[in-house]
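J.: Pasting a predicted model and its sequence here:
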Amino acid sequence: MTATSRPQLAAHANANGTLAPPTNGAETFAKFFECWILQQSRDLDALRAAAAAGPEDDAGLRRLVDRVLGHYEHYYRAKSAAASDDVLPMFAPSWISATETLYLWCGGWRPTAALQLLYSKSGAQLEAQLPAFLDGGDLHDGDLGGLSADQLQAADQLQRRTIRSEREIDEAAASAQESLATVKMVELSAGGGAAEEGMEREMDAKAEGMRRVLEMADGLRMDTLRAVVALLRPPQAVHFLVAAAELHLSVHDFGRRKDEAK
């Protein structure tokens, strides 16, 4: 984020610096997304500081985790409001890079990626603890390297449920997309002035179907994020949210640089 862009983005933030939703049609979701990136950067700074501070009371960490999750919920509410006006840009967003579009699933990140991130980060942090453990030390549960057997079992069950939900959404998306080739649409595509109004009605109906798909997908994204955090201790939840923000921001920044280089 360049220094010159910050004053412009400040107009989309509340007085306390938190993310503010678009309030009218002139404030596009693209600009709101820029503010979301800025908010996520601030949250990442706070999460990293908490993780680096070492042992702290769980209540304080839980408040931080809840605040960050609240920002995610705020983002999805704003996204839903924008989609109610026009859902099509949500499936071909102009506010992300070409690189990021490679990872799009129903207008956003695939929910099972949250579980994959949990396992990957847990493995990396466990590996970092191994030298001390082999020297006679104990594995600590202050980060994701210390996931218990019960936590791993809960994560596995969550992953299975999430996969089933993703499949249901895939089916809903396929149904909405296949409806483009109905007999009615084929008849209307033959042209003629009278067909224009009918085509518009049909396309509005298709868009409504995709709005429902987006709502289901975004709901699953948020539910999965909350479910992962719920199975973690507060210090572990902080480490997970750090990893999630780092991954999103680094891919976004990399993609933007690639686009600018072209």
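T.: Good, I have the coordinates.

J.: which element follows the strand or helix carrying Arg63 toward the C-terminus?
T.: Secondary-structure assignment from DSSP states H and E places Arg63 in helix 58-85. For helix 58-85, the following helix or strand on the C-terminal side (DSSP H and E) is helix 88-91.

J.: starting at the chain centroid, how far to that next one?
T.: For helix 88-91, the separation from the chain centroid amounts to 15 Å (computed by Cα atoms, centre = their mean, to the nearest Å).

J.: and if you look at stretch 200-213?
T.: Averaging C-alpha positions (Cα atoms, centre = their mean) puts stretch 200-213 23 Å from its chain's average.

J.: which stretches of the stretch 51-200 of the chain form helices?
T.: For the stretch 51-200 of the chain, the helices identified by DSSP state H, counting those that start in this stretch occupy 58-85, 88-91, 98-101, 112-134, 149-178, 183-188, 193-230, in order along the chain.

J.: Quick check: which helices or strands does the helix holding Arg63 pack against?
T.: For helix 58-85, the elements it packs on are helix 29-52, helix 88-91, helix 193-230, helix 234-261, judged by 3 or more Cβ pairs under 8 Å, 6 or more residues apart in numbering; DSSP states H and E. In this view, the C-beta of every residue, glycine as well, is placed from N, C-alpha and C.

J.: which regions of the stretch 1-150 of the chain sit below the pLDDT cut-off?
T.: In the predicted model of the stretch 1-150 of the chain, residues 1-27, 55-56, 130-141 satisfy pLDDT under 70.

J.: right, and the helices of the stretch 51-200 of the chain - which one's nearest Phe29?
T.: Among these, the nearest to Phe29 by Cβ to Cβ is helix 58-85 (4.0 Å).

J.: Would you mind getting the angle between the closest one and helix 29-52?
T.: Taking axes from the mean of the first three to the mean of the last three Cα atoms, to 10 degrees, one finds that helix 58-85 is oriented at 170 degrees with respect to helix 29-52.
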